[in-house]
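A.B. asks: Quick check, what structure comes out for this input:
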Amino acid sequence: MMKEKVVLAFSGGLDTSFCAKYLSEEKGYDVYTAVANTGGFSEEELKVIEDKAYKLGAVKHVALNVEQEYYEKSIKYMVFGNVLRNGTYPISVSSERIFQALAIIEYAKEIGADYVAHGSTGAGNDQVRFDLTFEVMAPHIKILTPTRDMVLSREYEINYLKQHGFEADFKKMEYSINKGLWGTSVGGKETLHSDKTLPEEAYPSQVTETKEETLTIDFEKGEICGVNGISYSNKVDAIRAVEAVGCKFAIGRDMHVGDTIIGIKGRVGFEAAGPMLIINAHKMLEKHTLTKWQQYWKDQLGNWYGMFLHEAQYLEPVMRDMEAFLQSSQANVTGRVIINLRPYSYTLVGVQSDFDLMKGDFGVYGEEQKAWTADDVKGFTKILGNQMKIFYSVQNKNKQ
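C.D. replies: Just a heads-up that it's a prediction; the model follows:
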């Protein structure tokens, strides 16, 4: 009798390691593990994950490369929208989960899987992101979630794996680390408490550079195209170049505190040198090249776009409408941003752009007007104040 097939979304972390062992040994399925790489894994790391999958009982393991798709369909628009959840978090994991889920479910359909599985717990956002994507894209494939359904603790999973002969660096596995092209999230015992923060050693990158350094980032129509004077046609490589410079200074570390999809508050640590430098450089360039109302409406749409992406709504058609607006807003967002880096922080120095609206021949703020006279301003201010003058006049008439 042929065994039923399960495709397991596999990262090699504690939860998915438990799932691979449990589904193959306890449930008797043929477990096909698949890691959807959104740009966070090197070839060496992918090989380690593959070896781990086979040791845990997988009948086949595949690595699905979705980093270019992730950039073109998500990261690009998050930069256009300057997306930072609660003004802090570049939704690193939130945004990549949808593309991992899409790749996993396509693979499951391709091999005729009976089930698709993931290692999410019942207390976080990822369960919704995976479930919803799987259900929309392949409603005929059943979903298995052992960690969630059995309400397992990390200690239980570690003990189970040890008892079944699986050896790993369980000390390191005390932290849940999700590494992607757009940042790395770090969860652990400290993030479960409101008054604690992650220890230095929990972060994958450490400070290795202490001298101040200047970084330049070039943008063309809102997309990154150069780093330190070197042009990049491959945007993924450009992001990696910024990350490589920024992570030496441990830039982009923070603790995100926010509202989850399931209604509870949650905390997660993260390090995202590349995303934080790129988004804030892009935002500064926009301040120089967009009009006041372009910035205002783009901020509104960018905030909504990030919220929908974070809350598993990527497949909602309105997201395509928002992407069209964000793309249109970037026509003049071209130029270079200069940044000074130092350990744990940075300063946005300024921009160079042919589209800089400060270069107009109309005037210099606080110094000189060229396109209007003193009388023009007096008349303008008089009319501008009309509505407020009317309001206070009416208030005075109605006083007791």
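A.B. asks: Distance of the residue nearest to residue 358 when sequence neighbours are not counted relative to residue 354?
C.D. replies: Ranked by CB to CB, 6 or more residues apart in numbering and with sequence neighbours excluded, the top spatial neighbour of residue 358 is residue 288, at 6.2 Å. Where C-beta positions appear, they are placed from N, C-alpha and C, glycine not excepted. In this view, residue 288 and residue 354 are 11 Å apart by CB to CB, to the nearest Å.
A.B. asks: Tell me which of the two has more neighbours.
C.D. replies: residue 288 (19 against 9; other CB atoms under 10 Å).
A.B. asks: Would you mind checking the average pLDDT for the helix or strand harbouring that one?
C.D. replies: Under the criterion of DSSP states H and E, residue 288 resides in helix 273-289. Taken as a whole, helix 273-289 has a mean pLDDT of 98.
A.B. asks: what does the helix or strand just after it contact?
C.D. replies: On the C-terminal side of helix 273-289, the closest following helix or strand by DSSP H and E is helix 292-310. Residues outside helix 292-310 that contact it (CB atoms under 8 Å, 6 or more residues apart in numbering) are 74, 77-78, 80-85, 91, 94-95, 98, 125, 286-287, 290, 314, 316, 318-319, 322-323, 325-326, 329.
A.B. asks: Go through those and flag which are in helices.
C.D. replies: 77-78, 80, 94-95, 98, 286-287, 318-319, 322-323, 325-326 (DSSP state H).
A.B. asks: and residue 252, what is it in contact with?
C.D. replies: Applying CB under 8 Å, 6+ apart, the residues contacting residue 252 are 183, 246, 270-277.
A.B. asks: And the furthest pair within those?
C.D. replies: The most widely separated members of the contacts of residue 252, counting by CB to CB, are 270 and 277 (14.1 Å).
A.B. asks: which stretches of the protein form helices?
C.D. replies: 14-21, 43-55, 67-70, 76-80, 92-110, 126-137, 146-149, 154-163, 235-246, 273-289, 292-310, 318-328, 374-384, 386-397.
A.B. asks: Which residue is the nearest non-sequential neighbour of residue 3?
C.D. replies: residue 30 (4.4 Å).
A.B. asks: who's the one you found bridged to?
C.D. replies: residue 5 (DSSP bridges).
A.B. asks: How confident was the prediction at it?
C.D. replies: The predicted local confidence for residue 30 is 98.
A.B. asks: in terms of contact, does it touch residue 59 like I think?
C.D. replies: Yes: with contact defined as CB atoms under 8 Å, residue 30 reaches residue 59; the gap is 4.8 Å.
A.B. asks: more neighbours, those two?
C.D. replies: Per other CB under 10 Å, whichever of residue 30 and residue 59 has more neighbours is residue 30, with 19 against 15.
A.B. asks: one step back: any shared contact partners between residue 30 and residue 59?
C.D. replies: Here residue 30 and residue 59 share the contacting residues residue 24, scored by CB under 8 Å, 6+ apart.
A.B. asks: which of the ones in helices among the contacts of helix 292-310 count as buried?
C.D. replies: The neighbour-count test (16 or more other CB atoms under 10 Å) applied to those identifies 77-78, 80, 94-95, 98, 286, 319, 322-323, 325-326 as buried.
A.B. asks: which two of these lie the greatest distance from each other?
C.D. replies: 98 and 286 (25.6 Å).
A.B. asks: Give the closest residue to the residue positioned nearest the centre of the chain in space, chain neighbours not counted.
C.D. replies: Among the residues of the chain, the one closest to the centroid is residue 92, at 2.3 Å (CA atoms, centre = their mean). Closest residue in space to residue 92, ignoring its immediate chain neighbours: residue 183 at 3.2 Å, by CB to CB, 6+ apart.
A.B. asks: do residue 151 as well
C.D. replies: residue 122 is the one closest to residue 151 (CB to CB, 6+ apart), at 6.6 Å.
A.B. asks: ok, that neighbour - contacts?
C.D. replies: Counting by CB under 8 Å, 6+ apart, residue 122 has contacts 145, 148-149, 151.
A.B. asks: Any regions of the stretch 51-200 of the chain where pLDDT drops low?
C.D. replies: Low-confidence segments of the stretch 51-200 of the chain (pLDDT under 70): 170-173.
A.B. asks: how does it look with 50?
C.D. replies: For the stretch 51-200 of the chain, no stretch is flagged by pLDDT under 50.
A.B. asks: Can you measure across stretch 69-83, start residue to end residue?
C.D. replies: Between the opening and closing residues of stretch 69-83 there is a gap of 18 Å (CA to CA, to the nearest Å).
A.B. asks: quick one: buried residues of that stretch?
C.D. replies: 70-71, 73-83.
A.B. asks: hang on, residue 331 packs against residue 286?
C.D. replies: No: in this structure residue 331 lies outside contact range of residue 286 using CB under 8 Å: 11.6 Å.
A.B. asks: quick one on the thing from earlier: ok, the residue nearest to residue 151 to residue 275 distance?
C.D. replies: On the measure of CB to CB, residue 122 and residue 275 end up 29 Å apart.
A.B. asks: got it, and residue 72?
C.D. replies: Applying CB to CB to residue 72 and residue 275 gives a distance of 16 Å.
A.B. asks: Any chance of CSV for the contacts of residue 122, columns neighbour count?
C.D. replies: As requested, the contacts of residue 122 are exported to CSV (neighbours: other CB atoms under 10 Å):
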residue, neighbour count
145, 19
148, 20
149, 9
151, 10
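A.B. asks: Check these and tell me the two furthest apart.
C.D. replies: Maximum pairwise distance among the contacts of residue 122 (CB to CB): 10.8 Å, between 145 and 151.
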